[in-house]
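*Asks:* predicted coordinates and the sequence they were generated for:
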Amino acid sequence: MLYIVLVLVLAALGLLVTALITASSLWAWVSIGLSVLAGLLLVADWLRRRRRSSAPAAPAAAAAAPAASAVSPPEAEAPESPAEEEQTTLIPAAGDLGDPADTPDTPDPEPAEEADASAEAETKPDSDPGVEETPEADVAVLADLEDEVVVVDEHPRYHLTTCPWLGTRDTIPIGVGEARQLGFTPCDRCRPDATLVAAHR
């Protein structure tokens, strides 16, 4: 079936080129017709394959249902809700994932949330450091400086080149005044504002 579609598409392409060369709209319409026919064949093939793949699943499910009812006692059978009948195998039923967050029985949620937040901060390498508090007098001095600091793409802080947070990240050198004008804020770990102001006093 796919070979037929391929031949039709190639024929449509050839007719389209012919239509462009000869400036004849007849060939263009024939090309469009072949393209539509190829599309219809693809849709028909997809529907045929879909029906074929769902047909073996239905007898297998029907064969599994009597076997399951023979094993379980009659009083254990519960009527299935329509939502459970329609559920596909790609979506697991509630609770099948075994995720501890799904269980409602948590005795003390506050310490767990604090522990999760601290563990997330330690394990998340891309978390940004805090913002250095800079006095207003130092901000005026920094605006005129052209000393070089570095920034990391997609992160809002600027750093000294010796900042431990940078690690092996790719950095972009930029003047401290320009960095502040672009909206970058100073890193709390390497404290670039305090270091640069102290160097220029």
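*Replies:* Now that the structure is in, tell me what you want to look at.

*Asks:* could you list the low-confidence segments of the protein?
*Replies:* By pLDDT under 70, the low-scoring segments of the chain are 55-126.

*Asks:* CA atoms only: put the helix or strand harbouring L6 into PDB for me.
*Replies:* Here L6 sits within helix 2-22, counting by DSSP states H and E. Only the C-alpha atoms of helix 2-22 are listed here, as PDB (Å, rounded to 0.1, in the frame of the first residue of the first chain):
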ATOM      1  CA  LEU A   2       2.800   2.400   0.900                       C
ATOM      2  CA  TYR A   3       4.500   1.700  -2.500                       C
ATOM      3  CA  ILE A   4       1.300   2.700  -4.300                       C
ATOM      4  CA  VAL A   5       1.300   6.000  -2.200                       C
ATOM      5  CA  LEU A   6       4.900   6.600  -3.000                       C
ATOM      6  CA  VAL A   7       4.300   6.100  -6.800                       C
ATOM      7  CA  LEU A   8       1.300   8.400  -6.600                       C
ATOM      8  CA  VAL A   9       3.300  11.100  -4.800                       C
ATOM      9  CA  LEU A  10       6.100  10.900  -7.300                       C
ATOM     10  CA  ALA A  11       3.700  11.000 -10.200                       C
ATOM     11  CA  ALA A  12       2.000  14.100  -8.600                       C
ATOM     12  CA  LEU A  13       5.400  15.800  -8.300                       C
ATOM     13  CA  GLY A  14       6.200  15.000 -11.900                       C
ATOM     14  CA  LEU A  15       2.900  16.400 -13.100                       C
ATOM     15  CA  LEU A  16       3.400  19.500 -11.000                       C
ATOM     16  CA  VAL A  17       6.800  20.200 -12.600                       C
ATOM     17  CA  THR A  18       5.200  19.600 -16.000                       C
ATOM     18  CA  ALA A  19       2.400  22.100 -15.100                       C
ATOM     19  CA  LEU A  20       5.000  24.700 -14.100                       C
ATOM     20  CA  ILE A  21       7.000  24.200 -17.300                       C
ATOM     21  CA  THR A  22       4.100  24.200 -19.700                       C
END
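
*Asks:* buried stuff in it?
*Replies:* For helix 2-22, burial by neighbour count (16 or more other Cβ atoms under 10 Å) applies to V5, L8, V9, A11, A12, L15, L16, A19. Bear in mind the C-beta positions are built from the backbone N, C-alpha and C, glycine included.

*Asks:* in this structure the fifth one contacts W29, no?
*Replies:* No. The pair A12 and W29 fails to qualify as a contact (Cβ atoms under 8 Å) at a distance of 10.9 Å.

*Asks:* what sits against V152?
*Replies:* With contacts defined as Cβ atoms under 8 Å, 6 or more residues apart in numbering, V152 is in contact with H159, L166, R169, D170, T171, I172.

*Asks:* give me phi/psi at the fourth one?
*Replies:* I take that to be D170. Dihedral pair for D170: phi -70, psi 130, per degrees, to the nearest 10.
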